[in-house]
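[1] my questions are about this predicted structure, shown below with the sequence.
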Protein chains: 2
Amino acid sequence: MAKVGRPPQDPARQLERAHRILDAAAELILRWGYDKTTIDDVAKQAGVAKGTIYLHWKTRDALFAALLRRERVRMLGEVRAQAPATLRALLAELSAAMLRRPLMRALLVGDTEVLGKLARQKRGRTRDLPLEAFQDYLGELDKRGALRPDRTPVEREAILGSVVYGFLVAQSVLPESARVPDDRLVELLADTGDRAISTEGTPTDDDARAIAEATLDYLETVEEIAQRKLAVSLGGDPSKERVT
Amino acid sequence: MAKVGRPPQDPARQLERAHRILDAAAELILRWGYDKTTIDDVAKQAGVAKGTIYLHWKTRDALFAALLRRERVRMLGEVRAQAPATLRALLAELSAAMLRRPLMRALLVGDTEVLGKLARQKRGRTRDLPLEAFQDYLGELDKRGALRPDRTPVEREAILGSVVYGFLVAQSVLPESARVPDDRLVELLADTGDRAISTEGTPTDDDARAIAEATLDYLETVEEIAQRKLAVSLGGDPSKERVT
DNA sequence: TACTGACCGCATAGTCTCATCGGGTCAAAC
DNA sequence: GTTTGACCCGATGAGACTATGCGGTCAGTA
């Protein structure tokens, strides 16, 4: 039994509602985990009927995909707001932002507690994060002489991937005694990754400026791609939806 | 129905038999995985009766614990034989040896395919590998001026742990396209770990000698501890056995 | 036209029974 | 004393059925 007459079909209102639903989903998934969070729960928490949720997303999975995408967009937004100007700063801001977001953290670590079966299927197929854009970014750094020449692009990617993955995941696997506070961990991570592929000298002002620009460019590109994906996930028209 | 008279109770013979059983177990576990390898299979493969296996180990788990311990001892032996003289060489040899041994690799990565339920329970509680000895080793390097002073011992441990873990595990998680051949991976790993905590200059001959010695000392200590544990696992007297 | 929530049906969980497997023992054979 | 393998029995899985829960739909309401 609806209590009021129908409000206008204002698209902005619809978007706001979509976000409200995602907020509800986020809260519930963090409290009870993916497996135990039902659509009914989400609907109740968001103050809408179950059917309404299906006006936005075609399936349960599509909803959670949207949630993760929103999370990614927000994370990237945070990073970009910090305006990292070097590879090191980029690594630091990225991983700090990741550690701050429980959902991202759980996704990376493959936390079965939180993500349930989602984790199991996501595992292995690491993010389709635009590797191409990253390669371009590294190419730009290379052109500016910021990278050690004795590594191939693929190797650089493997190094940075391993370092980020290792630092973030190992913390949850290593014994208590080898644990380091998050903010310090981020410094160490960035330093390690940077040292592993960067040259030592200080770049010229010109190079530094170009690098800063490339860094922001990269972030913008990635964020834009993420945003576009999110837009599809929020696009109101569930028939267009493609669940990853 | 036994076919021959009893051979003498030569302890060396017993040890040889224990190893034959472990060989059998290793082969079967690699082919079929832990869950599907039965004691009957192992007995048949090793050419002994099932009861004989229980003369050596109290339980199935104790047998596999012994197998993993033997694997560790052999791995450490291999590393020591290479006589690494620097931290970098140590990292390289250790990880190379690890990559060469499917069981160790599976254990680290938490490969559920091979280790079945063993992996699930081992996960989280990372090896009780003698961290103390490693701290001592790093302390020695530090004394020789080989380590950057701006990291605490715990941080150094976290860094190296993360790097090793990250490089070895990430390879099996990253997309195909970011994969690097094992031997090159090992170089990159060692270089990354070394750069992250070591100072840049070349040590004096004296320091270099001391470091080489400390490295071997460390390996010896660790191997000895591992060997002692293995000896317990092979000790013939299953009542003394303590399954990890 | 925008939304609701009762309703549907499938997939999963739960229960009971029966059959098999395989870890672990021990009396007998050497 | 040493080794064996038939045997024991608890654990595990298959099978058959029921109960429940929850994702997804759609007739109905405002």
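    Okay, I see it.
[2] quick check: closest non-adjacent residue to A:I21.
    Leaving out its chain neighbours, the residue that sits closest to A:I21 by Cβ to Cβ, 6 or more residues apart in numbering or on different chains is A:A46, at 4.5 Å. Quick note: C-beta positions are derived from backbone N, CA and C, even for glycine.
[3] contacts only, for that neighbour.
    Residues in contact with A:A46 (Cβ atoms under 8 Å, 6 or more residues apart in numbering or on different chains) are A:R17, A:R20, A:I21, A:D23, A:A24, A:A25, A:I53.
[4] which strand or helix spans the residue nearest to A:H56 when sequence neighbours are not counted?
    Nearest non-adjacent residue to A:H56, counting by Cβ to Cβ, 6+ apart: A:A18, 5.2 Å away. Under the criterion of DSSP states H and E, A:A18 resides in helix A:11-32.
[5] is the helix or strand that comes right after that helix anywhere near DNA strand D?
    Per DSSP H and E, the first helix or strand lying C-terminal to helix A:11-32 is helix A:39-46. Yes. Helix A:39-46 lies within reach of DNA strand D by Cβ under 7 Å from any atom of the strand, at A:I39, A:D40.
[6] quick one: A:S172 and A:V109 touch, right?
    Yes. Counting by Cβ atoms under 8 Å, A:S172 does reach A:V109; the two are 5.6 Å apart.
[7] more neighbours: those two, which one.
    Using other Cβ atoms under 10 Å in any protein chain shown, the more surrounded residue of A:S172 and A:V109 is A:V109, with 19 against 13.
[8] my read: that one touches A:F167, true?
    No. Judged on Cβ under 8 Å, A:V109 makes no contact with A:F167 at a distance of 11.5 Å.
[9] for chain A, which segments count as helices?
    A:11-32, A:39-46, A:50-56, A:60-81, A:87-100, A:102-109, A:112-115, A:117-122, A:131-143, A:153-170, A:182-197, A:205-234 (DSSP state H).
[10] near DNA strand C, anything from the third one?
    Yes. Legend: contact between helix A:50-56 and DNA strand C by Cβ under 7 Å from any atom of the strand is shown at A:K50, A:G51, A:T52, A:Y54, A:L55.
[11] got TSV for those, with pLDDT, neighbour count and distance to A:G193 too?
    Formatted as TSV, the residues of helix A:50-56 next to DNA strand C follow (pLDDT from 0 to 100; neighbours: other Cβ atoms under 10 Å in any protein chain shown; distance: Cβ to Cβ, whole Å):
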residue	pLDDT	neighbour count	distance to A:G193
A:K50	93	12	45
A:G51	93	8	48
A:T52	94	15	44
A:Y54	93	16	43
A:L55	91	15	44
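[12] now, which of those residues sits nearest chain B?
    Distance to chain B across those (Cβ to the nearest Cβ) is lowest for A:Y54, with 33.2 Å.
[13] ok, that closest one to A:D150 distance?
    55 Å (Cβ to Cβ, to the nearest Å).
[14] contacting residues for the most centrally placed residue in chain A?
    Central residue of chain A (Cα atoms, centre = their mean): A:R72, 3.0 Å from the mean position. By Cβ under 8 Å, 6+ apart, the residues touching A:R72 are A:M104, A:A226, A:L230.
[15] 10 Å instead, please
    A:98, A:101, A:103-104, A:107, A:127, A:129, A:222-223, A:225-227, A:229-230 (Cβ atoms under 10 Å, 6 or more residues apart in numbering or on different chains).
[16] filter the residues you listed down to the buried ones.
    A:M98, A:R101, A:L103, A:M104, A:L107, A:V222, A:E223, A:I225, A:A226, A:Q227, A:K229, A:L230 (16 or more other Cβ atoms under 10 Å in any protein chain shown).
[17] returning to what we had before: so which of the contacts of A:R72 comes closest to DNA strand D?
    Lowest distance from DNA strand D to the contacts of A:R72 (Cβ to the nearest atom of the strand) belongs to A:L103, with 17.4 Å.
[18] any low-confidence regions in chain A?
    For chain A, applying pLDDT under 70 flags the ranges A:1-10, A:119-129, A:236-244.
[19] for chain B, what's the nearest residue on chain A?
    Using Cβ to the nearest Cβ, A:G166 is the residue of chain A that sits closest to chain B, at 1.7 Å.
[20] what is the burial count for that residue?
    28.
[21] surely it touches B:V164?
    Yes. A:G166 is within contact range of B:V164, at 7.6 Å (criterion: Cβ atoms under 10 Å).
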